[in-house]
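S.K.: Sharing a sequence plus its predicted fold:
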Amino acid sequence: MTTTTEGRLTWTTGDQSVETWYRVYGDLDPAAALTPLVILHGGPGAASNYVEPIADLVAQTGRACVLYDQVGCGKSQHLPDAPVEFWTPQLFKDEIDAITAHFGIADRYMVIGQSWGGMLGMEHALDHPAGLRALVVADSPSSMRLWVEEANILRAALPPGVDETLKKHEDAGTTDTAEYEEAMNVFYDKHVCRVPQPQCVKDSFAQIGDDPTVYFTMNGPSEFHCIGTLKTWDITERLTEVDAPTLLVSGAHDEATPRIVGEIHDRIPGSRWELFAYSSHMPHVEEPAKFKEVVSRFLAEHDRP
């Protein structure tokens, strides 16, 4: 059974001191044969609960994993009064640097990012960190414009009446009603998680409901309307600069559609793409055995002393 340790890291962004909660799976031994893996969760602001299965699956292979709640959510410090301009990708890239430096792994580590975490992982790779040995991008876009466009195409194809119900409440400003939530669940059940949601997934959704600061500020009210600080985010044409070995993971029914992931695959040199036939946005939950096999094999290929 993999041992875990938890703690809090205090680091500085600009002139502000913040705290990040973390959990380490296994032993971060610098001499270990297997390179440590840093896991980046999505949202933004969803906290790490729902990616705990990734840590569990990968740690079973003997690879140490670092899981953490990004600042502003989960068990990390919440900053509801921070100005809008505080919440940028650079903040979270600085957090990755703080994490790798704190654990002494900055010269040798791997990253897996899921959804927003994959966006962040690609941003991190574009900085060409010397210690980044491999990158896994799971269910992520490289352009928010394309993400919203594809989400609305998927929404329009939902069963009759669902799109109309969503639009009715969005126009009326009543998106906090049970009817709207029920209609949104039709989308989630088809394109976010196609199996009964385990508690860890429910807990992450609840995190956004408890403190929506990060999600609302960076994204906006829903999957279909990005009006936050990420509205114009697009790194698609810069992806040719990524030089870390990269694996792309997505589901056939994913809101990160094949069009979205294909744009990334076409640009990151030498990237691989594994499409999970029975999954939507969470292959690590929907097809865990295959996910473990695919991801662990890729990581093992890039373990270098």
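M.R.: Structure's in. What do you need?
S.K.: in what helix or strand does D189 lie?
M.R.: Take DSSP states H and E as the rule and D189 turns out to sit in helix 178-191.
S.K.: List the buried residues for that helix?
M.R.: Y180, A183, M184, V186, F187, Y188, K190, H191 (16 or more other CB atoms under 10 Å). Every residue, glycine included, has its C-beta placed from N, CA and C.
S.K.: Let me have those in a markdown table, extended by pLDDT and distance to G209.
M.R.: Putting these into a markdown table (pLDDT from 0 to 100; distance: CB to CB, whole Å) gives the following:
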| residue | pLDDT | distance to G209 |
| --- | --- | --- |
| Y180 | 88 | 13 |
| A183 | 91 | 17 |
| M184 | 89 | 12 |
| V186 | 94 | 18 |
| F187 | 94 | 17 |
| Y188 | 93 | 14 |
| K190 | 96 | 21 |
| H191 | 97 | 19 |
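S.K.: ok and the host helix or strand of C200 relative to helix 178-191, angle-wise?
M.R.: Per DSSP H and E, C200 falls inside helix 199-210. Angle, helix 199-210 to helix 178-191, by axes from the mean of the first three to the mean of the last three CA atoms, to 10 degrees: 140 degrees.
S.K.: Kindly provide the whole-number mean pLDDT of helix 199-210.
M.R.: Throughout helix 199-210, pLDDT has a mean value of 89.
S.K.: Pull out the buried residues from it.
M.R.: C200, V201, D203, S204, F205, Q207, I208.
S.K.: cool, stretch 155-162 as well?
M.R.: Quick answer for stretch 155-162 (16+ other CB under 10 Å): R155, L158, V162.
S.K.: Of those residues, which belong to helices?
M.R.: Mapping these onto helices (DSSP state H) picks out R155, V162.
S.K.: Including pLDDT and distance to L34, could the buried residues of stretch 155-162 go into TSV?
M.R.: Shown next, in TSV, are those (pLDDT from 0 to 100; distance: CB to CB, whole Å):
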residue	pLDDT	distance to L34
R155	93	41
L158	94	43
V162	92	45
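S.K.: I'd like the buried residues of stretch 155-162 as JSON lines, with distance to W233 appended.
M.R.: Listed next are the buried residues of stretch 155-162 as JSON lines, based on distance: CB to CB, whole Å:
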{"residue": "R155", "distance to W233": "21"}
{"residue": "L158", "distance to W233": "26"}
{"residue": "V162", "distance to W233": "28"}
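S.K.: nearest to N219, of the buried residues of stretch 155-162?
M.R.: Proximity of these to N219 (CB to CB) peaks at R155, which lies at 15.7 Å.
S.K.: Please look at the closest one and V186 and confirm they touch.
M.R.: No. With contacts counted by CB atoms under 8 Å, R155 stays clear of V186, the gap being 9.5 Å.
S.K.: Spell out which residues are contacts of both of the two.
M.R.: Common contacts of R155 and V186, defined by CB atoms under 8 Å, 6 or more residues apart in numbering, comprise V162.
S.K.: Next, the buried residues of stretch 50-67.
M.R.: Those would be 50-59, 61, 63-67, for stretch 50-67 by 16+ other CB under 10 Å.
S.K.: Would you mind pulling the contact partners of it?
M.R.: Here stretch 50-67 has contacts from 2, 22-29, 32, 34-39, 41-42, 48, 99, 103, 105, 112, 114, 117, 198, 200-201, 203-204, 282, 284-285, 288, 291-292, 295-296, 299-300, using CB under 8 Å, 6+ apart.
S.K.: can you rerun that using 6 Å?
M.R.: 2, 23-28, 34, 36-39, 41, 48, 114, 200-201, 204, 284-285, 292, 296 (CB atoms under 6 Å, 6 or more residues apart in numbering).
S.K.: and the residues you listed, which of them are in helices?
M.R.: C200, V201, S204, H284, V285, K292, S296.
S.K.: Relative to R238, which of those residues is nearest.
M.R.: H284 (26.7 Å).
S.K.: Touching, that closest one and F291? I think so.
M.R.: Yes. Using CB atoms under 6 Å, H284 is in contact with F291, at 4.7 Å.
S.K.: If you count surrounding residues, which of the two has more?
M.R.: Neighbour count, other CB atoms under 10 Å: between H284 and F291, H284 has more, with 26 against 23.
S.K.: Can you classify E274 by secondary structure?
M.R.: strand (DSSP: H, G, I helix; E, B strand; the rest coil).
S.K.: wait, I meant V136
M.R.: Applying three-state DSSP: V136 is strand.
S.K.: May I have the phi/psi pair for the nearest residue to it once chain neighbours are set aside?
M.R.: Distance criterion CB to CB, 6 or more residues apart in numbering; nearest residue to V136, sequence neighbours excluded, is I112 at 3.9 Å. Here is the backbone geometry of I112 (degrees, to the nearest 10): phi -120, psi 130.
S.K.: for E164, what are its contacts?
M.R.: If you count contacts by CB under 6 Å, 6+ apart, then E164 has nothing around it.
S.K.: I'm done for today, thanks for sticking with me.
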